[in-house]
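S.K.: my questions are about this predicted structure, shown below with the sequence.
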Amino acid sequence: MTESFVETQVRLLLERQCSDVFFALLRRLEAVQDAEITLVVFDFGGGNVAFKTMLNRDEIVTAFEILLDHWLGGGRSRQPVPGVDAELLKLLGDQAKRLLPAGIGFILLLGSGDRTAYISTAERSDVVRMVETELLPMWRGEARGAN
């Protein structure tokens, strides 16, 4: 399916916003060594998704597969990320909310593999659905998506 001019502009704007917020959060995390960051932003109404990450393709797939398994009760446990606690996640989440326009949500993942912490503005069931049907297929190369 071909994007219209307006759809392309909306997608490009979302990708730019994702990049801007990613680097703002990264600056905030400078004190936390080895805090790999992945930011996924999405349009609640339009279905557009963009992401920015420090992880390579295999690492991002593994991290989200482990999270998905954890969310679905599969038993794989997650380990804490050194230097990242609930207070820091809330601070980063609040900053992302301030920087993103109304109608744009996010998933913020810190760490990789089984050492992850996350915060999101979407309901967990919606995040699970997005990870299963859109994000993992895109990262595995099974679907076309924004990068």
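M.R.: Sure thing, it's come through.

S.K.: and the lengthiest helix in the chain, what does it pack onto?
M.R.: For the chain, the longest helix by residue count, based on DSSP state H, is helix 5-28. Packing contacts for helix 5-28, counted by 3 or more Cβ pairs under 8 Å, 6 or more residues apart in numbering; DSSP states H and E, involve strand 37-43, strand 49-53, helix 86-99, strand 104-112. C-beta here means a position set from N, CA and C on the backbone, and glycine is covered the same way.

S.K.: give the bridge partners for the residue minimising distance to the centre of the chain, please.
M.R.: Most central in the chain under Cα atoms, centre = their mean is residue 40, positioned 2.9 Å from the mean C-alpha point. According to DSSP bridges, the residues that bridge with residue 40 are residue 51, residue 107.

S.K.: offset the numbering so it begins at 62, please.
M.R.: Renumbered: residue one is now 62, and that last one reads residue 101.

S.K.: residue contacts, it?
M.R.: 79, 110-112, 167-170, 191, 196 (Cβ atoms under 8 Å, 6 or more residues apart in numbering).

S.K.: kindly reformat these as a markdown table containing neighbour count, distance to residue 121 and pLDDT.
M.R.: A markdown table is the format used below for the contacts of residue 101 (neighbours: other Cβ atoms under 10 Å; distance: Cβ to Cβ, whole Å; pLDDT from 0 to 100):
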| residue | neighbour count | distance to residue 121 | pLDDT |
| --- | --- | --- | --- |
| 79 | 23 | 14 | 97 |
| 110 | 21 | 13 | 93 |
| 111 | 24 | 14 | 95 |
| 112 | 23 | 8 | 96 |
| 167 | 25 | 15 | 97 |
| 168 | 23 | 12 | 96 |
| 169 | 22 | 13 | 96 |
| 170 | 23 | 8 | 95 |
| 191 | 18 | 14 | 93 |
| 196 | 22 | 9 | 94 |
